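**Q** Sequence and predicted structure are below.
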Amino acid sequence: NAGVTQTPKFRVLKTGQSMTLLCAQDMNHEYMYWYRQDPGMGLRLIHYSVGEGTTAKGEVPDGYNVSRLKKQNFLLGLESAAPSQTSVYFCASNPGGGSNQPQHFGDGTRLSIL
Amino acid sequence: GENVEQHPSTLSVQEGDSAVIKCTYSDSASNYFPWYKQELGKGPQLIIDIRSNVGEKKDQRIAVTLNKTAKHFSLHITETQPEDSAVYFCAASKASSASKIIFGSGTRLSIRP
């Protein structure tokens, strides 16, 4: 049982480049989330999805796009990377039916923008 | 806006002693309070949670207490061991909104041998 898997684990980009981060979960969870983690700021929600084909903005959505074409996958895209997007990105999933369920996190993608 | 304040940001305790981390939440409608442990290079993992109809919950060396009136909750780790060294996050959420899972800023716990 893999849980939540994030790809890639590390990436270095140049300013202006684009890339997609992939999150896959094998727990049949309805809800999926993308967070960024910066020193001293905890986890901030970028975008989330409450089901296949749905997405919504979180606390810090600017500069990112997402897609949930399949229930098990949640993609995070950076169209034109900026140094301010250097961070560790975590994907999480949740069974759904309200937020009173624990989040299941992946091990993160460490992204550096030069 | 809604937020969760977590203190202290860093904590160093002697092995075998107890550690306490405290969180305060602002949204009185919050009714679920999980705690996560994040080890180096890993994602946060749930270690214990408590719901608003319970004042205290224990799981071996870990306990969580909740004071709804004061809107604060605490994590207690007794008989600390080296493997307890990690970053701990508290969170608060309510069932009415899928996105309203608010995390504290984290506490880096170090256990001195």
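**A** Ah, there it is.

**Q** how about the most centrally placed residue in chain A, what does it touch?
**A** Nearest residue to the geometric centre of chain A (Cα atoms, centre = their mean): residue A:34, 2.7 Å. If a contact means Cβ atoms under 8 Å, 6 or more residues apart in numbering or on different chains, then residue A:34 has A:21, A:23, A:45-48, A:58, A:64, A:66, A:74, A:76, A:89-91 as its contacts. Just so you know, the C-beta spots here come from the backbone N, C-alpha and C atoms, and that holds for glycine as well.

**Q** Quickly find the element holding the nearest residue to residue A:30 once chain neighbours are set aside.
**A** Sequence neighbours aside, residue A:96 is the residue nearest to residue A:30 in space, at 3.1 Å (criterion: Cβ to Cβ, 6 or more residues apart in numbering or on different chains). Assigned by DSSP states H and E, residue A:96 belongs to no helix or strand.

**Q** quick one: residue A:96 and residue A:9, what's the gap?
**A** 27 Å (Cβ to Cβ, to the nearest Å).

**Q** Could you list everything residue B:6 pairs with in the sheet?
**A** For residue B:6, the beta-bridge partners under DSSP bridges are residue B:23.

**Q** just to revisit the earlier point, narrow the contacts of residue A:34 to those in helices?
**A** The members of the contacts of residue A:34 all map outside helices under DSSP state H.

**Q** Mind giving me the PyMOL select for those, buried ones only?
**A** This is how PyMOL selects the buried members of the contacts of residue A:34, with burial counted by 16 or more other Cβ atoms under 10 Å in any protein chain shown:
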select buried, chain A and resi 21+23+45+46+47+48+58+64+66+74+76+89+90+91
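
**Q** Closest one of the contacts of residue A:34 to residue B:92?
**A** residue A:45 (13.5 Å; Cβ to Cβ).

**Q** pretty sure that closest one is touching residue A:59, no?
**A** Yes. Between residue A:45 and residue A:59 there is a contact at 4.8 Å, judged by Cβ atoms under 8 Å.

**Q** What's the per-residue pLDDT of the residue nearest to the centre of chain A here?
**A** The confidence metric pLDDT takes the value 97 at residue A:34.

**Q** cool, and residue B:6?
**A** pLDDT, residue B:6: 96.

**Q** residues contacting it?
**A** Each residue near residue B:6 by Cβ under 8 Å, 6+ apart is listed here: A:42, B:21-23, B:89-90, B:104-107.

**Q** before we move on, what about residue B:4?
**A** The contact partners of residue B:4, by Cβ under 8 Å, 6+ apart, come to B:23-26, B:90-92, B:102-104.

**Q** Just the buried subset of these, written out for PyMOL, thanks.
**A** Burial among the contacts of residue B:4 is assessed by 16+ other Cβ under 10 Å; the matching PyMOL selection reads:
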select buried, chain B and resi 23+24+25+90+91+92+102+103+104
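
**Q** Distance check, residue B:106 against residue B:57.
**A** 21 Å.
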